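>>> Compute the structure for the input listed below.
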Amino acid sequence: MKILVLNGSPRLNGNTTAMVDAFAEGAREKGHEVNIIPVGQKKIVGCLGCEFCHTRGNGQCVQKDDMGEVYKELETADMLVFASPIYFHSITGQLQSALTRFYATGKPRKVSQTALFLSSGAPGVYDPAIQQYKRVINYFEAEDKGIKTVYGGNNKSAEMFADMKIFGKAL
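Numbers count the residues shown, from 1 in each chain. Purely as a prediction, here's the structure:
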């Protein structure tokens, strides 16, 4: 299976990246291909609402930025993982910008499974991000393979690494 992970963290060595890396290690050990795109490090701006994609662009966005890399990988991905730290009760702006750009292409052709990874400094802040994720995968008509959350002292803990690796191996 080809897995595409969109890591919305703007921090190269942050807690979310640790979750993603542990998951990817487990999935790769199971024989899956995992491609991680650090959208938090990319130059991706939000949807302009210009309608070029639906009027003249045949599903192609008029903006030429790093979202092109995401579009290319989405064409062949079987599974899509969204990963983000929680900033003020939501996913990062960087991941949100990438999500809004799905408007141009609509549902990914091959994606049949999804997952969500969230990290935070405190518990009880995940609900808005989880609700958004559930609405997106409902639109995609994809199977939710799981939601993983970690906070506070559990970030980068041995338990978190083990759990995320097991999750990746279980696919």
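>>> tell me the phi and psi of the residue of the chain positioned farthest from its centre?
Here the chain reaches farthest from its C-alpha mean at R56, the gap being 28.3 Å by Cα atoms, centre = their mean. For R56, the backbone dihedrals (degrees, to the nearest 10) come out as phi -130, psi -10.
>>> where does it sit relative to K64, distance-wise?
Using Cβ to Cβ, to the nearest Å, we find R56 at a distance of 15 Å from K64. The C-beta positions use only the backbone N, C-alpha and C, and glycine is treated the same way.
>>> At which residues are the strands of this structure located?
Along the chain, counting by DSSP state E, strands occupy 2-7, 33-37, 79-85, 113-120, 143-151.
>>> which other helices and strands contact the third one?
Read it as strand 79-85. Secondary-structure packing of strand 79-85 (3 or more Cβ pairs under 8 Å, 6 or more residues apart in numbering; DSSP states H and E): strand 2-7, helix 15-29, helix 93-100, strand 113-120, helix 127-140.
>>> One more pass at 6 Å, please.
With contacts taken as 3 or more Cβ pairs under 6 Å, 6 or more residues apart in numbering; DSSP states H and E, strand 79-85 sits against strand 2-7, helix 15-29, strand 113-120.
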